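S.K.: Let me see the structure of the following:
(one chain, ligands or ions: 2)
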Amino acid sequence: MSKKVVLLQGGLGAERDVSLATGRAFAQALDELNYDYVIVEADANLPSALEKAKPDVALLALHGKYAEDGIVQGICEYLKIPYSGSGVLASSLCMDKVFSKAVLQQQGVLVASQQVLDMRYQSLDDFKLELEAPVVVKPSREGSSVGITICKTSEDVLPAIKEAAKYDYHVMIETFIPGFEVTVPILAGKALTPIEIRPKEGFYDYKNKYTKGNTEYLLPPSLPEPWIAHCQEVALKVSQICRLKTYGRIDFRVDPNGKPYVLEINTLPGCTETSLVPQSAKHDGIPFSEFVKILVDSASLDYQGVQ
Ligand SMILES: Nc1ncnc2c1ncn2[C@@H]1O[C@H](COP(=O)(O)OP(=O)(O)O)[C@@H](O)[C@H]1O
Ligand SMILES: [Mg+2]
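M.R.: Ligands and ions are numbered 1, 2, ... in the order given. Below you'll find the predicted structure:
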């Protein structure tokens, strides 16, 4: 008998629409794989819906707040329902860009310099920019480029802080890393072929992420082979430091000298068939349905010993 799967989608955060797209793609793959599954909305009734469904596995088609951050993972742990993706600690750590960058830096991984503000206590009247423009201002715990502004001059920073603070009281200001953008998917302990991301205009913001034709994706990247191999090596190290399970995606900026700066770690990256991780998996010989099967088969709980 195949496993009974609950497909969790929707969610309470700003990335709800992206989650519904991932959910549709996962459902199609589960149909192809002949899994017995039900779709459950990850809303306020989630704990009781999960208890009622009594699945063998929860497949998480969720992104961002309340989902990619350990909260849904905690509910699954409590109900002892094995779930896809990373555990509670990895999910919370990677959702928090300030915290995860601090951990990576301590382990010798290159990250952009940052100034961190706690907007519960910081008055903008006595704010002083400690970094040189251009800088990037972002909420620490958000996704899909929501609340992010690239500030060419120091005058742009105050309004950008106010914008970022709408999404999180922890606001980070980061040195802008010129050069290239590369993302490295991780699957089953391996770094897949990276993808270079080239928005046709501006930066990789929400619109350029989700509007067809706005961004060019190069798989494999056009960058020198040793640069790419180095990004893969760093991505694998990052996935181990942050305790990623099964899959994830590490975003980088690569400077004009080929130095890769880790921007962030996505523990539940977008997974429609045309999303970055599935595209790279396909390029490396893993079709979408097989990719989804890997996620279902590797679903687990955090508190487990080793036989
Ligand atoms: N320090 C930086 N230098 C240059 N571009 C950046 C920097 N930080 C973010 N960006 C741009 O903003 C996008 C989103 O930033 P990221 O940190 O990956 O957050 P999100 O979780 O919203 O994807 C990146 O893909 C990149 O285009
Ligand atoms: Mg990103």
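S.K.: okay, CA-based contacts and neighbour counts for the rest of this
M.R.: Fine.
S.K.: In the protein, what residue spans correspond to helices?
M.R.: Ranges of helices in the chain, per DSSP state H, are 16-32, 46-53, 71-79, 88-95, 97-106, 157-165, 206-210, 225-241, 276-283, 288-297.
S.K.: from the chain's centre, how far out does the fourth one sit?
M.R.: For helix 88-95, the distance between its averaged C-alpha position and the chain's averaged C-alpha position is 10 Å (CA atoms, centre = their mean, to the nearest Å).
S.K.: In contact with the spatially most central residue of the chain, which residues?
M.R.: Taking CA atoms, centre = their mean, the centroid of the chain lies closest to N266, which sits 1.9 Å from it. Residues in contact with N266, defined by CA atoms under 8 Å, 6 or more residues apart in numbering, are C94, M95, G248, R249, I250, D251.
S.K.: which ones among those residues come in contact with ligand 1?
M.R.: Restricting those to those near ligand 1 by CA under 6 Å from any ligand atom leaves D251.
S.K.: and the closest residue to ligand 1 within the stretch 201-307 of the chain, what is it in contact with?
M.R.: Nearest residue of the stretch 201-307 of the chain to ligand 1 (CA to the nearest ligand atom) works out as Y204 at 4.0 Å. Contact partners of Y204, counting by CA under 8 Å, 6+ apart, are S145, I197, R198, T215.
S.K.: right, and out of those, which lies closest to ligand 1?
M.R.: S145 (3.0 Å).
S.K.: who's in contact with the closest one?
M.R.: Y204, D205, Y206.
S.K.: Would you quantify the distance from the residue of the stretch 201-307 of the chain closest to ligand 1 to G258?
M.R.: For Y204, the distance to G258 equals 20 Å [CA to CA, to the nearest Å].
S.K.: I figured T183 hits E196, correct?
M.R.: Yes. Using CA atoms under 8 Å, T183 is in contact with E196, at 6.5 Å.
S.K.: Counting neighbours, go ahead and name the busier of the two.
M.R.: Between T183 and E196, counted using other CA atoms under 10 Å, the more crowded position is T183 (27 against 24).
S.K.: Chain neighbours aside, what residue packs nearest to that one?
M.R.: D251 (4.4 Å; CA to CA, 6 or more residues apart in numbering).
S.K.: Report the beta-bridge partners for the one you found.
M.R.: With DSSP bridges as the criterion, D251 is bridged to T183, E264.
S.K.: so who does it touch?
M.R.: Shown in contact with D251 (CA under 8 Å, 6+ apart): E181, V182, T183, V184, V262, L263, E264, I265, N266.
S.K.: Pull the number of nearby residues for P139.
M.R.: As a burial measure, P139 scores 29 neighbours (other CA under 10 Å).
S.K.: Kindly compare burial across the helices of the chain and name the winner.
M.R.: Across the helices of the chain, averaging neighbours per residue (mean count of other CA atoms under 10 Å) puts helix 88-95 on top, at a mean of 23.
S.K.: That one versus helix 97-106: what angle between them?
M.R.: Relative orientation of helix 88-95 versus helix 97-106 (axes from the mean of the first three to the mean of the last three CA atoms, to 10 degrees): 100 degrees.
S.K.: So for helix 88-95, mean pLDDT?
M.R.: Mean pLDDT, computed over helix 88-95, is 98.
S.K.: contacts for that helix?
M.R.: The contact list for helix 88-95, computed with CA under 8 Å, 6+ apart, reads 64-65, 68-71, 73-74, 99-100, 140-142, 242-244, 264-267, 302.
S.K.: swap the cut-off to 10 Å and go again
M.R.: For helix 88-95, the surrounding residues in contact (CA atoms under 10 Å, 6 or more residues apart in numbering) are 64-77, 85-86, 99-101, 103, 140-143, 239-245, 264-268, 301-302.
S.K.: near ligand 1 too, which of those residues?
M.R.: Residues of the contacts of helix 88-95 in contact with ligand 1 (CA under 6 Å from any ligand atom): E142, G143, E264.
S.K.: surely the last one meets V103?
M.R.: So the one you mean is E264. No. Taking CA atoms under 10 Å as the definition, E264 is not a contact partner of V103, at 11.7 Å.
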